[in-house]
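*Asks:* Here is a sequence together with a model predicted from it:
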Amino acid sequence: VAFVVCRSLEGLKTFSYLEELILDNNLLGNDLLLPRLPHLHTLTLNKNQISFQRNTCKILLDHLAEVVPSLQYLSLLGNIACPNELVCKEKDEDDYQRYRYFVLHKLTNLKFLDTRKVTRREREEASIRGAFMKVVKPK
């Protein structure tokens, strides 16, 4: 397990066999760039600044799919991208489920997202409708 306190992740490229990485509370945003880490199976990005604005989360998820192909556990709790009714009263369980479908559509190998196991039904729904499930509500 590696703990990174700074915003630059350049040095991680020397840890190509890294399996778990905790990047919680680092002010990281959608512009996060990780080096290729083919053995990484667990990534936590809790309480950062990742959001769904202007397609940038899609770009981040595409980047993760490319550079961490073994990713099975991802946690984005505490980010704007992860709608949570306990943190934001405008969000509800339906928002969270749409977010899960969208992430699972992009990261098809995930077994856990946030604190919940990915179900077979979620995986099926994500493959059918996940691309259309960005969490956007009219103002």
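*Replies:* On my side now, so go ahead.
*Asks:* Only C-alpha atoms from now on, for both contacts and neighbour counts.
*Replies:* Fine.
*Asks:* contacts for the longest helix along the chain?
*Replies:* For the chain, the helix that runs over the most residues, judged by DSSP state H, is helix 93-106. Helix 93-106 is touched from outside by 58, 61-62, 65, 81-85, 110, 113, 122-123, 125-127, 129-135, with contacts defined as CA atoms under 8 Å, 6 or more residues apart in numbering.
*Asks:* Filter those residues down to the buried ones.
*Replies:* Listed as buried from these are 58, 61, 65, 81-84, 110, 113, 122-123, 125-127, 130-131, 133-135; burial here means 16 or more other CA atoms under 10 Å.
*Asks:* Need the nearest residue in space to residue 125, chain neighbours excluded.
*Replies:* Nearest non-adjacent residue to residue 125, counting by CA to CA, 6 or more residues apart in numbering: residue 101, 6.8 Å away.
*Asks:* got a pLDDT number for the spatially closest residue to residue 23 that is not a sequence neighbour?
*Replies:* Nearest in space to residue 23, with sequence neighbours left out and distances taken as CA to CA, 6+ apart, is residue 45 at 5.1 Å. Listed pLDDT for residue 45 reads 96.
*Asks:* That concludes my questions; thank you for your assistance.
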